[in-house]
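In: Based on what follows, work out the 3D shape:
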Amino acid sequence: MNRIHAYAAVLLLLLGPATAASAQAADAVLSLAELAKPGRVLVLRHAIAPGVGDPGHFVLGDCSTQRNLDAAGRAQAAELGRRLARAGITPARVYSSQWCRSLDTARLLGLGPVEELPALNSFFARPQNREPQMSALRAFLAQLPADGRPVVLVTHQVVISALAGRSPGSGGGVILALDGTREPRVLGELGAN
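Out: Numbering: from 1, shown residues only. The predicted structure is shown next:
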C-alpha cells in the first residue's frame, strides 16, 4: 500500500464515526420532514419514567399509584415537542394512553389538545387486553384520513411492538403512513432525543 492509500485509510477510519453520526442526524431530520406530510402518524413511546411496569396497587387516574415521568422525562417530552413544532408538526391531533406518564408526555409536547384513547393503554400486566386493544387501535387508524394533518399517539413500548414490530426507547417512536386500512405502513423510527 502506498503512502496516499495509507493516509486515505486512516482518514476513513477517523471520519467513519462522524459520517455515521451525520447520517443518523440526517435520518432524524428526514423522519421529522416525513411526519409533517399529510396522513402521517407518530406512535410515540412516553418519555423517561424510571422503572418497569407499574406498582401492584396501580389505579387508573391516580398518578400517585403509577410509575411517572421524572425530571429528565419531563424535559425530554418538552424538547421533543419543540423539535416537532420546528418541523411543522403543529397543530397536531394528539391522543394518549390513559396512564399518567403518557398523558404528561402528550401534554408536555405542546402540540395541541390531548384526547385520551383507551386503545393506547398498556397491556404489559394485562396480556388478555392485547388483542381487543390492538383491534380497537387498528380500527381507529383505519378511520383516520389519509390526507389529514399529523397525528401523534402517545403510548407504551408493548403497544408499539404489537403494532409495528419495533421497540423504541423512551421518547422514541415509529412513523406510519395512513392508507385507510387497519395495517398502515411503517415508514421508519424516530429516535429518542
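In: What residues does G53 make contact with?
Out: Applying Cβ atoms under 8 Å, 6 or more residues apart in numbering to G53 gives the contacts R67, F124, A125. C-beta coordinates here come from the backbone N, C-alpha and C atoms, glycine included.
In: from the residues you listed, which would you call buried?
Out: For these, a burial check counting by 16 or more other Cβ atoms under 10 Å picks out R67.
In: show me what contacts L108?
Out: Taking Cβ under 8 Å, 6+ apart as the contact definition, L108 lies against A47, L69, R74, A77, A78, G81.
In: Just flag the most distant two among those.
Out: L69 and G81 (13.2 Å; Cβ to Cβ).
In: Strands of this protein, start to end?
Out: 40-45, 93-96, 114-116, 151-155, 173-177, 185-190 (DSSP state E).
In: Adding mean neighbour count and distance to A85, write the ones you listed out as a markdown table.
Out: Supplementary listing: the strands of the chain in a markdown table, determined by neighbours: other Cβ atoms under 10 Å; distance: least, Cβ to Cβ, whole Å:
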| stretch | mean neighbour count | distance to A85 |
| --- | --- | --- |
| strand 40-45 | 26 | 13 |
| strand 93-96 | 23 | 12 |
| strand 114-116 | 15 | 15 |
| strand 151-155 | 27 | 11 |
| strand 173-177 | 23 | 16 |
| strand 185-190 | 17 | 14 |
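In: Turn those into CSV, including mean pLDDT.
Out: What follows is the strands of the chain, written out as CSV (pLDDT from 0 to 100):
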stretch, mean pLDDT
strand 40-45, 96
strand 93-96, 97
strand 114-116, 98
strand 151-155, 97
strand 173-177, 94
strand 185-190, 90
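In: Out of these, flag the one nearest Q133.
Out: The nearest among the strands of the chain, by Cβ to Cβ, is strand 151-155 at 10.0 Å.
In: correct me, but P55 touches C63?
Out: No - if you go by Cβ atoms under 8 Å, P55 and C63 don't touch, sitting 11.6 Å apart.
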